[in-house]
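Participant: fold the following and give me the result.
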Amino acid sequence: MKKAIDRRAARTRRALHDAMISLILRKGYEATTIQDIIDEADVGRSTFYAHYTGKEDLLRGGFERLRTDLTEARDSYSPRRRARRSEPLVFSLAMFQHADGYKDVYRALVGRRGGAVAVSEIRRVLSEFVRQELSTVERNGAIPRELALQFIVSAFLTVLTWWLERKPELAPTAVDEMFRRLVIKGIGSSTGLRVRST
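Facilitator: Numbering: from 1, shown residues only. Have a look, this model is predicted:
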């Protein structure tokens, strides 16, 4: 009996999350109300509040699923690259591949319609992955690790948003290569920019 209840609860949560994503794509996060979500998911208000405290809680709940998906993707992709654990930014290709499979969801969350809460949650999930990776990298005393983390996460979000909104036809591997070149080799070497000596 408990398994049937758990399955029903999981179905309800998924319906609410899917309804929210659909509404964000159509209306944007800020304009979407709880009433819109329960109407779209065809559930009652009391059912919604049995699972979530509000719209932000529902959004955060969806990111738990995202975190699980990304962890599985990162841990299972490309055995050849996984064997080279010393390679920096191992997380990035898995994340771009995940985004490729859920382009509408990512576009809804990181694009203009996503709102500050959605971007903040994606930033939090990404920060966890980057922090794990940076903990295994030898520290460069000139740059604080927290600054490096924020730079990498911001660069990733910028590339992700640019890809989804401007060049969705590019393969995840091509976008990952651009991101890695910008972050690892630096924008100067990637664009031909040079620092002028004074």
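Participant: what count of nearby residues applies to L149?
Facilitator: 16 (other CB atoms under 10 Å). Using the backbone N, CA and C atoms, a C-beta is placed for each residue, glycine as well.
Participant: give me every residue that touches it.
Facilitator: Neighbour list for L149: S127, V130, R131, L134 [criterion: CB atoms under 8 Å, 6 or more residues apart in numbering].
Participant: of these, closest to A19?
Facilitator: Checking the contacts of L149 against A19 with CB to CB, the nearest one is S127 at 27.5 Å.
Participant: next SSE downstream of the helix or strand of the chain with the lowest mean pLDDT?
Facilitator: Ranked by mean pLDDT, DSSP states H and E, the weakest helix or strand in the chain is helix 79-83, scoring a mean of 50. The C-terminal neighbour of helix 79-83 among helices and strands, as given by DSSP states H and E, is helix 91-101.
Participant: by contact count, what packs against the helix or strand that that next one is followed by?
Facilitator: Counting by DSSP H and E, the element after helix 91-101 in chain order, helix or strand, is helix 103-110. Using 3 or more CB pairs under 8 Å, 6 or more residues apart in numbering; DSSP states H and E, the elements in contact with helix 103-110 are helix 2-27, helix 115-134, helix 145-166.
Participant: and the contacts of the second one?
Facilitator: To tie it back to what came earlier, the one meant is helix 115-134. So helix 115-134 is contacted by 24, 28-30, 56, 59-60, 63, 66-67, 70, 74, 88-91, 95, 108-110, 145, 148-149, 152-153, 156-157 (CB under 8 Å, 6+ apart).
Participant: can I get that helix in CSV? Just the C-alpha atoms.
Facilitator: Output in CSV follows, covering the C-alpha atoms of helix 115-134 (Å, rounded to 0.1, in the frame of the first residue of the first chain):
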residue,chain,number,x,y,z
GLY,A,115,13.3,34.7,-13.3
ALA,A,116,15.9,35.3,-10.6
VAL,A,117,14.8,32.3,-8.5
ALA,A,118,15.3,29.8,-11.3
VAL,A,119,18.8,31.2,-12.3
SER,A,120,19.8,31.2,-8.6
GLU,A,121,18.8,27.6,-8.2
ILE,A,122,20.7,26.5,-11.4
ARG,A,123,23.7,28.5,-10.1
ARG,A,124,23.5,26.7,-6.7
VAL,A,125,23.4,23.2,-8.4
LEU,A,126,26.3,24.1,-10.7
SER,A,127,28.3,25.6,-7.8
GLU,A,128,28.1,22.2,-6.0
PHE,A,129,29.6,20.4,-9.0
VAL,A,130,32.3,23.0,-9.6
ARG,A,131,33.2,23.1,-5.9
GLN,A,132,33.6,19.3,-5.8
GLU,A,133,35.9,19.5,-8.8
LEU,A,134,38.0,22.5,-7.5
